[in-house]
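Chemist: Kindly return the folded structure for what I paste below:
(one chain, ligands or ions: 1)
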Amino acid sequence: MGRLLALTFAYLAHLLATATTGSERQQHRVQHGRCTYTFILPEVEHCHTSKDFQVTNTLQRDSPPDAEAEASQFEPGEAQKERPSWQERKLVNLESAMENNTQWLQKLENFIQQNVRSGMEEMKRTAVHTQTAAMLEMGTNLLSQSAEQTRKLTDVETQVLNQTSRLEIQLLEYSLFTNRLEKHILLQTQEISRLGDKNSFLEQRLLALEARYGKGLHGMQIEKQQLQELVERQSRLVSQLQGELVGSTLNSSLLQRQQAVLTDTVQQLLAMVNHCNGKTVNMPKENPLSFRDCADILRSGVTASGLYGIRLPNSTQTVKVFCDMKTGGGGWTVLQHRSNGSVSFHRGWREYKMGFGEPSGEHWLGNDIIHKLTSSQEYSLHVQLKDREGNEAFSHYDRFYIEAEDNNYSLHAEGFSGTAGRTSSLSHTGTQFSTKDRDNDRCTCKCAQLASGGWWFAACGPSNLNGIYYPSSSSVVRYNGIKWYYWKGPNLMATMTTMMVRPANF
Ligand SMILES: [Ca+2]
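Modeler: Numbering: from 1, shown residues only. Sure thing, here's the model as predicted:
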């Protein structure tokens, strides 16, 4: 409002200035909005402007008369006396014009104020309308944004609800699973508890058993320890004895060689003596009939044991044999006999083939003779043994024969029985004969050299009746002595051995 008034006064001052300088009546129009204002200003006719008259401020000319008077006090004295009538008239006119103008201005002011008010109200309404429209637009935007936000919120809420539902379902499943697990754990706990009870019971029982058998166990442990010590001592002793055995074997071999040489010498001397003195020894009875064996002789009526001559089957050879007519009904032809160790049995292949020793004493009948005799018909074998304590025992074989030299006199012995051990000590069927100079055994060693003598060595087998005849008993185990393992073990101290045959159908 103040700005508008200032504009109005400035315009009026312009009009006044124009009025004082212009010479004709002028109309002035003022356009304000839809309203047009027309002003007709008063004019001063035939009035020349004095050089002294100056209007610097038309509004100051509306000053009250007192002020006008005071202002005139400063004017020079003579001019005041000449101009009062004209000036006064002029002034009165001017004043009345000014008064009209003032009134008009007041009206104009009122009018303007009214128009301005209405304009302001219009502006206000327009502004309010604009503002309302803007607000409505903003509100619409806000509503649309709010709707969008609401929709998004609804979506989010839906998603949250879905997630919540899924989570609830999962929680439910977990809950069910947890319940099952709890039941399982409960069952396991009960099982563990039951096992714990059983374990406690077993522990108590074990403790009771330990208490009951603890003393016995302790004693047995001590005994076991003592036995272990004994076994260790025995092991050391066995090692020592093995060492001694090796030395003894070497010594025995040497002695046997010397003995063999001596025996040969004695036999040569005896032969020479017999040749010189003629045959005065106990000769077998010359029988015009030929007997195949001692059983034949027995059947002929001879019942005395002794030396007799037999003729081998399919042969003209007469052989001197010892016949045992007492044992088990008699009729036994003796193949091997030892009783005093006077004859060495550590001999070679040929001697075992041909036989050695005297039939009246210690001797080996000979493998060729044994083969011819036992392969002519079925024979039984009887083995008689006696140890140093006087114990006697026998082993019997229902069927016995040996093959020819081509097959190394392989052994065949079946139908075992007897008292000299529950098991046969003779090597199994098919075992070949070996001597110190003919190794036919199944050992990488040479059994005939280790064990001495000639025999059916396997590897090297549980028997050897042709081993070394040891004269006295000893605690030392001799692996090369006379052996019939399943009767007396490896260390038989025999005082007598006899091997003899008789027809199986006797
Ligand atoms: Ca061998």
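Chemist: Assign residue 459 to helix, strand or coil.
Modeler: coil (DSSP: H, G, I helix; E, B strand; the rest coil).
Chemist: Surely it touches residue 440?
Modeler: No - contact criterion C-beta atoms under 8 Å: residue 459 and residue 440 do not qualify, at 11.3 Å. Heads up, the C-betas are built off the backbone N, CA and C, glycines and all.
Chemist: So these two - more neighbours on which side?
Modeler: Neighbour tally, residue 459 and residue 440, criterion other C-beta atoms under 10 Å: the higher count belongs to residue 440, 19 against 12.
Chemist: Need the phi and psi values for residue 461.
Modeler: phi 100, psi 160 (degrees, to the nearest 10).
Chemist: Kindly report the residues of the protein close to the ion.
Modeler: By C-beta under 5 Å from the ion, the part of the chain that sits against the ion consists of 439, 441, 443.
Chemist: and the first one, what does it touch?
Modeler: The reference is to residue 439. 446-448 (C-beta atoms under 8 Å, 6 or more residues apart in numbering).
Chemist: change it to 6 Å
Modeler: Applying C-beta atoms under 6 Å, 6 or more residues apart in numbering, we find residue 439 in contact with residue 446.
Chemist: go on, the last one?
Modeler: Neighbouring residues of residue 443 by C-beta under 6 Å, 6+ apart: 459-460.
Chemist: do the same with the second one
Modeler: The neighbourhood of residue 441, defined by C-beta under 6 Å, 6+ apart, consists of 434, 447, 457.
Chemist: What count of nearby residues applies to residue 169?
Modeler: 10.
Chemist: where does the residue of the stretch 201-350 of the chain found nearest the ion land on pLDDT?
Modeler: Closest residue of the stretch 201-350 of the chain to the ion, C-beta to the ion: residue 349 (14.0 Å). The model reports residue 349 with a pLDDT of 96.
Chemist: From the contacts of residue 441, list the buried ones, please.
Modeler: Buried members of those, scored by 16 or more other C-beta atoms under 10 Å, are 434, 447, 457.
Chemist: where along the stretch 151-300 of the chain do the strands fall?
Modeler: Here the stretch 151-300 of the chain has no strands by DSSP state E, counting those that start in this stretch.
Chemist: Show me where it dips below the pLDDT cut-off.
Modeler: The stretch 151-300 of the chain contains residues with pLDDT under 70 at 246-254, 256-261, 263-268, 270-289.
Chemist: can you map out the helices along it?
Modeler: Using DSSP state H, counting those that start in this stretch, the helices of the stretch 151-300 of the chain run over 294-299.
Chemist: The stretch 351-500 of the chain too?
Modeler: In the stretch 351-500 of the chain, the helices defined using DSSP H, counting those that start in this stretch lie at 367-374, 447-451, 485-488.
Chemist: Redo these as JSON lines? Include mean pLDDT.
Modeler: Output for the helices of the stretch 351-500 of the chain, formatted as JSON lines (pLDDT from 0 to 100):
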{"stretch": "helix 367-374", "mean pLDDT": "96"}
{"stretch": "helix 447-451", "mean pLDDT": "92"}
{"stretch": "helix 485-488", "mean pLDDT": "89"}
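Chemist: Quick one: closest of these to residue 230.
Modeler: Between residue 230 and the helices of the stretch 351-500 of the chain, the tightest spacing by C-beta to C-beta is seen for helix 485-488, at 23.4 Å.
Chemist: ok now that closest one, how far from the chain's centre?
Modeler: Relative to the centre of its chain, helix 485-488 is centred 54 Å away, using C-alpha atoms, centre = their mean, to the nearest Å.
Chemist: Identify the residues contacting it?
Modeler: By C-beta under 6 Å, 6+ apart, the residues outside helix 485-488 that reach it are 393, 420-421, 423, 425, 462.
Chemist: returning to that earlier point: in contact with the residue of the stretch 201-350 of the chain closest to the ion, which residues are there?
Modeler: Listed by C-beta under 6 Å, 6+ apart, the contact set of residue 349 reads 435, 437-438.
Chemist: Going by neighbour count, which of those are buried?
Modeler: Buried among these by 16+ other C-beta under 10 Å: 435, 438.
Chemist: Closest to the ion out of the contacts of residue 349?
Modeler: Distance to the ion, by C-beta to the ion, is smallest for residue 438 among the contacts of residue 349, at 10.1 Å.
Chemist: got the contact list for that closest one?
Modeler: The contact partners of residue 438, taken as C-beta under 6 Å, 6+ apart, are residue 349.
Chemist: Pairing partners for it in the sheet, please.
Modeler: residue 435 (DSSP bridges).
Chemist: now do residue 384
Modeler: When assigned by DSSP bridges, residue 384 has beta-bridge partners residue 394, residue 498.
Chemist: isn't it right next to residue 497, touching?
Modeler: No - counting by C-beta atoms under 6 Å, residue 384 sits too far from residue 497 to count as a contact (7.1 Å).
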